[in-house]
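> just a sequence and a predicted model for now, questions to come.
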Amino acid sequence: MIEKRSIIIIGAGPAGLAAAVKARKSGVDDVLLIERDNQLGGILKQCIHNGFGLHVFKEELTGPEFALRYIRKVHELGIDYKLDTMVISIDKNRNITTVGPEDGLRIYNADAIILAMGCRERPRGALRIPGTNPSGIFSAGTAQRFVNIEGMKPGKTAVILGSGDIGLIMARRMTLEGMKVKAVCEIMPHPGGLTRNIVQCLDDYDIPLKLSHTVTQIHGRKRLEGVTIAEVDESFKPKKGTEKYIKCDTLLLSVGLIPENELSEEAGVLIDPLTKGAVVNQNLETSVEGIYACGNVLHVHDLVDYVALEAERAAKSAVRRIKGKSKKKSKRLMVEAGKGIRYTVPQIIDKTDKDEKIKIYFRSSSILKSARVNAVCKDKIVYSKKFRRLVPAEMEYINIPAEDMKGRNIRIEAVAK
Amino acid sequence: MKREMVCIRCPKGCRMTVEYEGNKVLKVTGNSCSKGKAYAIDEITKPVRIVTSTIKVDGGELPVVPVKTDKAIRRNLIFDVMAEIYKAEVKAPVKEGQVILKNPAKCGADVVATLELGKVENAGNKRA
């Protein structure tokens, strides 16, 4: 038997929770939230540090506190959810097959699906670091779970490869737990994480950040005994003679997140090779009608606040669809990531309202001081905004009035002044 | 004296320049709000941070509960507060906002739980 629902949300992390609350508050009373873990909240539960909620709640919260605010709303509003339940397939007709210990195998059909599955961490295998395969090598998020949820220390002395935010946060966390963090190596010439995390996680504790450095060898048989690090040249090749051995029993990898889109692809959702998330329009609808995406499964965010706001937009679009108010498809416009821009979300724009403003998120491809971000239609700049600083690690956005685009494709460019 | 700094009060991360003499701040530039100026003055006169960590739980659904100082404390007291946090233990159930340590190391803040945690019979590394 196929059970019918108006909106089904896959994943109950910050994106899924925010989408569910928004959809329910907009009057949809048969929202279903599906989560494969045994609790709501997703990764926020292990992000015990502060700095969340400044945009959404106008106060500084820790990850668990941020999650609790939404979880309480889910309960207050009586939103239906399933825990320990894995979605094993979605199709383009929006049929969802799930398995769980209580319900066994179940099939649902939804008028709208919101994808909110988040990311997973890039593993060691993706880096091809030569050397042995001892214990003591963890992804930063795994180590975070060990320390913050299971109350265990991963080791005594650590080196961190990659300067993503989770790695920086863990450098401080392990230091507070009495471990010695000897270095953070970043292969790029600029940090991967937010500047505020460089300041309060590394500088505060005198942890050296080695830019343009990578780990070139892993040593140790049973347990990690040390790593060799080296400086890299412009093409990221290790420079001869710069190798240095660092003794350590723990190596954390904070080398990026990969949106988890296996289910999306199965449903026929088109994936952007740059974001590794779905190609969406300004309403966050994917290439499959009635399937929306938001949060880290769409593109990797730096701030959970932006995840929540994006999820609310996806929910709003889904609600509009089921209330029969979504607009008919018309000429589809493309948003191109031009010079100086790594990617944009959305990548396409469907028919717009007259006074609609199109919110375009982007990342720059390099550090630019005092830059202009231009929207160009047919070699004519139709919109321009000044930025004091653009950093690839920090996502930014512009709001372009739809009428300025006059029904033409646009290219977003960043130019140094 | 002049010092360049990045404001950490919000993720915007304004780059600021602070001019100061000893403990007295003369001028702050580059900040985009009043929080930035306050941060710059604090950084020169008395740098403060919120500390987050975990505290052992007796009989809880999880072996530890996340905690934070309920206000920012002097940066030079962080490790003294952490020493108190290591020693502490709390009995389940734990409520969000529950004070677990009162004014540890005389830091001027209390350490409070940031998650609610239920009680279980066979506590161990069981997931909540």
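Here it is on my side, so go on. Note that the structure is a prediction, hence the values are computed from the model and not measured. Residues are numbered from 1 along each chain as shown, chains lettered A, B, ... in the order given.
> export the helix or strand of chain A with the lowest mean pLDDT to CSV, keeping only CA atoms.
In chain A, no helix or strand scores lower on mean pLDDT, DSSP states H and E than helix A:402-405, which sits at a mean of 82. Provided in CSV are the C-alpha atoms of helix A:402-405 (Å, rounded to 0.1, in the frame of the first residue of the first chain):
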residue,chain,number,x,y,z
ALA,A,402,14.3,40.0,-11.7
GLU,A,403,13.1,42.8,-13.9
ASP,A,404,16.7,44.0,-14.4
MET,A,405,17.5,40.8,-16.2
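> list the buried ones in that helix?
Of all the residues in helix A:402-405, those buried under the rule 16 or more other Cβ atoms under 10 Å in any protein chain shown are A:402, A:405. Quick note: C-beta positions are derived from backbone N, CA and C, even for glycine.
> how many residues are close by the nearest residue to residue B:102 once chain neighbours are set aside?
Leaving aside its sequence neighbours, residue B:102 sits nearest to residue B:110 (Cβ to Cβ, 6 or more residues apart in numbering or on different chains; 5.5 Å). Neighbour count of residue B:110, defined by other Cβ atoms under 10 Å in any protein chain shown: 17.
> need phi/psi at residue B:110.
Backbone torsions for residue B:110, taken as degrees, to the nearest 10, come to phi -100, psi 150.
> isn't it up against residue B:103?
Yes - the pair residue B:110 / residue B:103 is scored as a contact, 6.3 Å apart, by Cβ atoms under 8 Å.
> which residues are in contact with the residue nearest to residue B:102?
B:69-70, B:99-103 (Cβ atoms under 8 Å, 6 or more residues apart in numbering or on different chains).
> number of residues surrounding the residue lying closest to residue A:214 once chain neighbours are set aside?
Excluding the flanking residues, the one nearest residue A:214 by Cβ to Cβ, 6+ apart is residue A:187, at 4.5 Å. Using other Cβ under 10 Å, residue A:187 is surrounded by 19 other residues.
> so which residues on chain B come close to chain A?
Contact residues, chain B versus chain A (Cβ under 8 Å from any Cβ of the partner chain): B:5-8, B:10-11, B:13, B:15, B:49-54, B:56, B:62-64, B:66-68, B:75, B:78, B:82, B:86, B:96, B:114-116, B:125, B:127-128.
> now the residue nearest to residue B:63 when sequence neighbours are not counted: which helix or strand?
Leaving aside its chain neighbours, residue B:63 sits nearest to residue A:151 (4.0 Å; criterion: Cβ to Cβ, 6+ apart). Using DSSP states H and E, residue A:151 falls within no helix or strand.
> go on, the one 4 residues further on?
Using DSSP H and E, residue A:155 sits in no helix or strand.
> list the beta-bridge partners for residue A:34.
residue A:10, residue A:82 (DSSP bridges).
> show me where the stretch 251-400 of chain A has its helices.
Along the stretch 251-400 of chain A, counting by DSSP state H, counting those that start in this stretch, helices occupy A:262-266, A:304-322.
> how about the first one, which residues are buried there?
Think helix A:262-266. In helix A:262-266, counting by 16+ other Cβ under 10 Å, buried: A:263-264.
> any idea of the mean pLDDT in that helix?
Mean pLDDT, computed over helix A:262-266, is 97.
> contacts for that helix, please.
Here helix A:262-266 has contacts from A:10, A:87, A:89-91, A:115, A:117, A:271, A:278, A:286, A:291, A:293, A:297, using Cβ under 8 Å, 6+ apart.
> where does chain B dip in pLDDT?
Along chain B, segments meeting pLDDT under 70 span B:11, B:122-128.
> quick one: the strands in it?
Taking DSSP state E as the criterion, chain B carries its strands at B:2-6, B:15-21, B:24-29, B:48-49, B:52-58, B:64-69, B:73-74, B:89-91, B:99-101, B:111-113.
> sorry, back to before: tell me the most buried of the helices of the stretch 251-400 of chain A?
Here the criterion is mean neighbour count by mean count of other Cβ atoms under 10 Å in any protein chain shown, and of the helices of the stretch 251-400 of chain A the winner is helix A:304-322, at a mean of 23.
> show me what that helix is packed against.
Counting contacts by 3 or more Cβ pairs under 8 Å, 6 or more residues apart in numbering or on different chains; DSSP states H and E, helix A:304-322 packs against strand A:2-10, helix A:14-25, helix A:63-76, strand A:104-115, strand A:291-293.
> could these be laid out in CSV, adding distance to residue A:54 and mean pLDDT?
Shown next, in CSV, are those (distance: least, Cβ to Cβ, whole Å; pLDDT from 0 to 100):
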stretch, distance to residue A:54, mean pLDDT
strand A:2-10, 25, 97
helix A:14-25, 14, 98
helix A:63-76, 10, 97
strand A:104-115, 25, 98
strand A:291-293, 24, 98
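> need the ones you listed in CSV (columns: mean neighbour count).
Output for the helices and strands packed on helix A:304-322, formatted as CSV (neighbours: other Cβ atoms under 10 Å in any protein chain shown):
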stretch, mean neighbour count
strand A:2-10, 21
helix A:14-25, 28
helix A:63-76, 20
strand A:104-115, 20
strand A:291-293, 28
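> hang on, the earlier thing: mind checking which of the residues of chain B next to chain A are buried?
For those, buried by 16+ other Cβ under 10 Å: B:5-8, B:10-11, B:13, B:15, B:49-54, B:62-64, B:66-68, B:75, B:78, B:82, B:96, B:114-116, B:128.
> doesn't residue A:125 belong to a strand?
No - Residue A:125 is assigned helix when assessed by DSSP: H, G, I helix; E, B strand; the rest coil, not a strand.
> pLDDT score assigned to it?
pLDDT at residue A:125 comes out at 84.
> just the one 4 residues further on next, same as before
As summarised for this prediction, residue A:129 has a pLDDT of 89.
> same check, this time on the one 3 residues further on
Reading off the confidence values, residue A:132 has pLDDT 90.
> for burial, what's the neighbour tally of it?
By other Cβ under 10 Å, 13 other residues sit near residue A:132.
> what sits against it?
Going by Cβ under 8 Å, 6+ apart, residue A:132 touches A:218-221.
> also residue A:206?
Residues counted as contacts of residue A:206 (Cβ under 8 Å, 6+ apart): none.
> and if you look at residue A:169?
A:47, A:49, A:140, A:144, A:197, A:201.
> also residue A:217?
Residues near residue A:217 by Cβ under 8 Å, 6+ apart: A:129-131, A:227-228.
> thank you, goodbye.
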